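S.K.: what would the 3D arrangement of this be:
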Amino acid sequence: MPDTHAQTPFLLPAIDLRGGRVVRLLQGDYSRQTTYGDDPLDQAKAFEDAGATWLHVVDLDGARTGRMIHAKQIEQVCSQTRLKVEVGGGIRSEGAIDAMLGVGVNRAVIGTAALRNWDWFEGLMGNPTYRGRLVLGLDARDGRIATDGWEQTSDQRAVDIARKVSPFPLAAIVYTDIATDGTMEGPNLEQTRAVAECTDVPVVASGGVGSLDHLRALRGLPIQGAIVGRALYEGALTIEDALTAFEK
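M.R.: Below is the predicted model:
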């Protein structure tokens, strides 16, 4: 497996979009939403001004409906900041991938579409345009994959899929532990390590970060990066402190 610690891991502050607003869901539950702002671009600029270089964006409405709803807001973030932007939620066709890459998105996250149409997803690996630009989103409860905005859980195990894509020219796997997502009670280190250690694809951890100690614990895993959302919005962490704890 690759030595991901040969390169410094990077922090990805998260912006989740629903109805044009910046929100967070608790454990992926659409009925347990907290709204943090009305302007995604302002939030992205605030992260950039604080020192962030990456941004993870999720189109929650897109994840639920299967088509990108917030393409305009995402394009604004790409064109009006210098952030490297990773986007997921509703990217379920080559047209959607091309549209996102075309507006300046660095990496497109494919989750539900990959798991429901594996032959299609595997076929994308032969397109040189997508080499190192696609991310597989693996969202799991108790290690088992959930799809369709986390509303459907399958019998597939995250580690099995991560192992299967080991030779694929993916930019990363984003592994989200749904049980911890939005709780700020700590990431699932055991499952995250299991996924990271079973594949040659770099892994980005998501879910549960609520303190600098959580980030330091993740820093000890063989991962490419970590996504942080609610802890930043609630003031439990600042971008500056998070960057120091995780990247330096």
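S.K.: could you pull out the buried residues of stretch 108-120?
M.R.: Of the residues in stretch 108-120, 108-115 count as buried by neighbour count, 16 or more other C-beta atoms under 10 Å. C-beta coordinates here come from the backbone N, C-alpha and C atoms, glycine included.
S.K.: mind checking how far the nearest residue to Gln7 once chain neighbours are set aside is from Pro9?
M.R.: Leaving aside its chain neighbours, Gln7 sits nearest to Gln224 (7.7 Å; criterion: C-beta to C-beta, 6 or more residues apart in numbering). Distance of Gln224 to Pro9, computed by C-beta to C-beta, to the nearest Å: 6 Å.
S.K.: could you do Thr34 as well?
M.R.: The gap separating Thr34 from Pro9 is 27 Å, by C-beta to C-beta.
S.K.: those two - which one has more neighbours?
M.R.: Set Thr34 next to Pro9 and count neighbours by other C-beta atoms under 10 Å: Pro9 wins out with 21 against 13.
S.K.: dump the residue contacts of that one.
M.R.: By C-beta atoms under 8 Å, 6 or more residues apart in numbering, the residues touching Pro9 are 218-219, 223-226, 246-247.
S.K.: same thing but 6 Å
M.R.: 223-225 (C-beta atoms under 6 Å, 6 or more residues apart in numbering).
S.K.: isn't the residue nearest to Gln7 right up against Pro202?
M.R.: Yes: with contact defined as C-beta atoms under 6 Å, Gln224 and Pro202 form a contacting pair (3.6 Å).
S.K.: okay, these two: which has more neighbours?
M.R.: Neighbour count, other C-beta under 10 Å: between Gln224 and Pro202, Gln224 has more, with 22 against 19.
S.K.: so how many other residues sit close to Ala194?
M.R.: 16.
S.K.: residues contacting it?
M.R.: Contacts of Ala194 by C-beta under 6 Å, 6+ apart are Val159.
S.K.: can you verify it is assigned to a helix?
M.R.: Yes: Ala194 forms part of a helix when assessed by DSSP: H, G, I helix; E, B strand; the rest coil.
S.K.: any figure for the gap between it and Thr180?
M.R.: Distance of Ala194 to Thr180, given as C-beta to C-beta: 15 Å.
S.K.: give the buried residues for stretch 19-37.
M.R.: Buried, per 16+ other C-beta under 10 Å, within stretch 19-37: 21-25, 28, 30, 33, 36.
S.K.: and the end-to-end length of that stretch?
M.R.: 11 Å (C-alpha to C-alpha, to the nearest Å).
S.K.: contacts for that stretch next, please.
M.R.: Contacts with stretch 19-37, where a contact means C-beta under 6 Å, 6+ apart, come from 15-16, 38, 40, 43, 150, 178, 181-182, 229-230, 233.
S.K.: one more: stretch 128-140?
M.R.: Residues contacting stretch 128-140 (C-beta under 6 Å, 6+ apart): 88, 107-109, 111, 114, 124, 146, 150, 158, 165, 169-176, 178.
S.K.: what subset of these is buried?
M.R.: For those, buried by 16+ other C-beta under 10 Å: 88, 107-109, 111, 114, 124, 146, 150, 158, 165, 169-176, 178.
S.K.: quick check: which element contains the residue nearest the centre of the chain?
M.R.: Nearest to the geometric centre of the chain sits Val174, at 5.1 Å (C-alpha atoms, centre = their mean). For Val174, the element it lies in under DSSP states H and E is strand 172-177.
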